[in-house]
Each structure stands twice: as C-alpha cells, then as structure tokens.
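In: kindly return the folded structure for what I paste below:
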Amino acid sequence: MTVIDVHAHIYPEKIAERAVGAVGDFYLVDMYGEGTAAHLLASQQQAPITHFVVHSVATKPSAVASINDFIAEQCRIHPELIGFMAMHQDLEDPEAEIERAIGLGLKGMKLHPDTQKVNMDDPRLMNVYEMIEGRLPLIVHTGDYRTDFSHPRRLKNILHTFPDLVVDAAHFGGWSVPEIGYDELHDENVFIDVSSSMAFVGNRRTKELVGMWGADRVMFGSDFPMWDPAREYDTFTSLGFSDDDLEKMLWKNAERFTGVSVS
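Out: Numbering: from 1, shown residues only. Predicted structure coming up:
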C-alpha cells in the first residue's frame with residue numbers, strides 16, 4: 001500500500017523549536033509536532049504513510065539556499081521524503097537557485113505568500129513561475145481571511161498566465177475560506193490538498209468539499225507539524241470514500257502532481 005502525505009514541513013533540529021513556535025503564533029494554534037524529520041517519520045508507526053512531500057518556507061532571501069540544502073540532505077538520508085525547494089521573491093538570482101535545486105534532486109517548489117508577505121501574483125514571483133512552468137510543480141498556500149496576499153483570485157491570474165504550471169492550491173484552495181477557493185478555482189486546471197482543513201471545516205464538510213472538487217484533483221496532506229499525520233490519515237480514511245477514490249487521493253494524484261513514481 002502506498003500513501004503520500006503531500007504537505008509536511010521539516011526544520012533543522014537547532015531551529016525546529018523556534019520555527020514551530022512561530023508557525024503556531026501565526027495561526028494561533030497549539031502545534032502537534034517537533035518539526036524534525038525524525039518526528040515526522042515516527043508517524044509511520046501509527047499509520048501506513050509511506051512517503052512525505054517535505055518543504056520549508058523562506059521568510060528572507062538569505063535563507064533560501066540553506067533551506068534547499070537541508071531539504072535535499074534529508075531526502076538523501078530518508079528515501080521516504082520527496083523534497084520541494086524554497087524560494088523568496090527578493091532572491092537576487094532565482095534562476096540560478098532553481099537550477100541548483102534541481103541538481104540537488106528537489107522535485108518542486110513551495111511558497112507561502114502570507115508569511116512571505118508578498119502577493120502571490122507579484123511580478124517578482126510571476127518571473128519565477130515562468131522559470132518553473134513545465135519543469136517543477138508548485139505547492140502554494142492559498143487563502144487567508146486575514147490578508148489578501150494569497151487570495152484565490154490571484155492564483156487564478158497565475159494559472160491563466162502560465163497554463164502549463166502544475167499547482168497544488170493548498171488547503172482546499174482557500175485556507176479558512178474554502179468556499180471562496182472553490183468558487184474561484186474549481187474550473188481551473190489545479191490540484192488541491194486537504195491539509196490544515198479537516199480540523200476547521202469538520203468531517204461532513206470535508207467530504208462535501210471532496211465531492212465538489214472531485215477525487216481526481218484532491219490529495220491527502222497533514223501540514224505537519226501543525227497536525228499529527230497519523231491522526232489526519234485516520235480521519236480522512238474514515239469518511240466513507242470508495243476504495244478507488246482513496247487510491248487517487250492517497251497517492252495516485254500525488255504521483256501525477258509531483259511527477260515522482262513511488263508505487
């Protein structure tokens with residue numbers, strides 16, 4: 001059995017406590033995990049999660065290279081990990097770092113417009129999307145009622161400008177605003193993941209949203225260390241989806257999204 005958690009964050013041990021605390025403060029939630037690769041992989045003892053897409057967010061341009069080095073190293077150590085690179089809108093030479101990250105074996109890119117304090121469709125990032133279109137998939141935090149940086153309409157603009165860009169609009173396409181995410185993006189060529197959603201919208205609404213989006217586009221994700229991947233897996237698989245739909249959402253869609261075959 002293959003199960004891919006498409007949305008997990010990991011940090012070096014020396015900064016993990018501080019990083020996890022900052023995320024908890026941003027979202028006003030009590031964090032589950034320590035934020036280390038070891039704690040993430042320990043969830044495999046409680047649930048049949050075989051692989052994790054891992055990433056971290058660069059809140060300053062000087063952090064991009066070190067994050068990418070760390071993610072790549074963890075993927076070399078732990079073959080269960082599929083690494084996505086970090087990027088920052090003010091990085092001086094994004095093209096060079098994209099090429100370097102690909103050379104390190106990283107398989108995609110992760111952006112978080114709200115913590116990076118940049119509009120998702122800022123011209124600096126549009127330049128980056130042009131560079132990765134057709135080459136690297138993108139996970140992007142989408143939707144926050146407190147800001148406009150990651151509003152789903154901005155992603156709509158990106159998708160229309162770069163039709164070959166493969167995108168996961170994280171958190172049902174609209175964290176804290178899933179209905180807006182659906183209204184703006186349901187007719188677009190985009191994947192979504194369920195991370196950091198079930199605890200907020202509840203089980204019944206989760207199943208309804210999956211039905212609205214269609215199982216061909218939905219991917220399982222936990223948003224570790226915010227949530228326990230094993231518990232998120234147990235919750236998601238208990239909602240009454242068919243075996244065929246679960247296969248798609250637990251790994252087949254993630255393989256199509258990442259371009260990585262693990263099964």
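
In: which parts of this protein are helices?
Out: 13-27, 37-42, 64-77, 94-103, 113-116, 123-132, 152-161, 178-185, 198-213, 229-237, 243-247, 253-258 (DSSP state H).

In: pull the number of nearby residues for the closest residue to Trp227 other than its chain neighbours.
Out: Of all residues not flanking Trp227 in the chain, Tyr32 sits nearest, at 5.4 Å (CB to CB, 6 or more residues apart in numbering). Quick note: C-beta positions are derived from backbone N, CA and C, even for glycine. Other residues within reach of Tyr32, judged by other CB atoms under 10 Å, total 20.

In: hang on, the earlier thing: quick one, which of the helices of the chain gets closest to Ile192.
Out: If you check each of those against Ile192 by CB to CB, helix 198-213 wins as the nearest, at 5.8 Å.

In: dump the helices of the chain to CSV, plus distance to Asp223 and mean pLDDT.
Out: Output for those, formatted as CSV (distance: least, CB to CB, whole Å; pLDDT from 0 to 100):
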stretch, distance to Asp223, mean pLDDT
helix 13-27, 9, 87
helix 37-42, 11, 97
helix 64-77, 16, 98
helix 94-103, 22, 98
helix 113-116, 13, 97
helix 123-132, 22, 98
helix 152-161, 18, 98
helix 178-185, 14, 98
helix 198-213, 10, 97
helix 229-237, 8, 98
helix 243-247, 19, 98
helix 253-258, 15, 98
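
In: can you tell which of those helices is closest to Tyr145?
Out: That would be helix 178-185 among the helices of the chain, by CB to CB, at 8.9 Å.

In: now for that closest one, which elements pack on it?
Out: helix 152-161, helix 198-213 (3 or more CB pairs under 8 Å, 6 or more residues apart in numbering; DSSP states H and E).

In: per-residue pLDDT, the nearest residue in space to Val64 that is not next to it in sequence?
Out: Leaving aside its chain neighbours, Val64 sits nearest to Ala58 (4.6 Å; criterion: CB to CB, 6+ apart). Confidence at Ala58, expressed as pLDDT, is 97.

In: Ala58 reaches Lys117, doesn't it?
Out: No - with contacts counted by CB atoms under 8 Å, Ala58 stays clear of Lys117, the gap being 11.8 Å.

In: between the two, who's got more neighbours?
Out: Ala58 (24 against 11).

In: which ones are touching that one?
Out: 64, 67, 86-88, 116 (CB atoms under 8 Å, 6 or more residues apart in numbering).

In: want to throw the helices of the chain into a markdown table with mean neighbour count?
Out: Shown next, in a markdown table, are the helices of the chain (neighbours: other CB atoms under 10 Å):
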| stretch | mean neighbour count |
| --- | --- |
| helix 13-27 | 14 |
| helix 37-42 | 19 |
| helix 64-77 | 18 |
| helix 94-103 | 17 |
| helix 113-116 | 22 |
| helix 123-132 | 17 |
| helix 152-161 | 18 |
| helix 178-185 | 20 |
| helix 198-213 | 16 |
| helix 229-237 | 20 |
| helix 243-247 | 14 |
| helix 253-258 | 22 |
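
In: I'd like these as JSON lines, with distance to Gly221 appended.
Out: Converted to JSON lines, the helices of the chain look like this (distance: least, CB to CB, whole Å):
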{"stretch": "helix 13-27", "distance to Gly221": "15"}
{"stretch": "helix 37-42", "distance to Gly221": "12"}
{"stretch": "helix 64-77", "distance to Gly221": "16"}
{"stretch": "helix 94-103", "distance to Gly221": "21"}
{"stretch": "helix 113-116", "distance to Gly221": "17"}
{"stretch": "helix 123-132", "distance to Gly221": "20"}
{"stretch": "helix 152-161", "distance to Gly221": "17"}
{"stretch": "helix 178-185", "distance to Gly221": "14"}
{"stretch": "helix 198-213", "distance to Gly221": "10"}
{"stretch": "helix 229-237", "distance to Gly221": "8"}
{"stretch": "helix 243-247", "distance to Gly221": "14"}
{"stretch": "helix 253-258", "distance to Gly221": "9"}
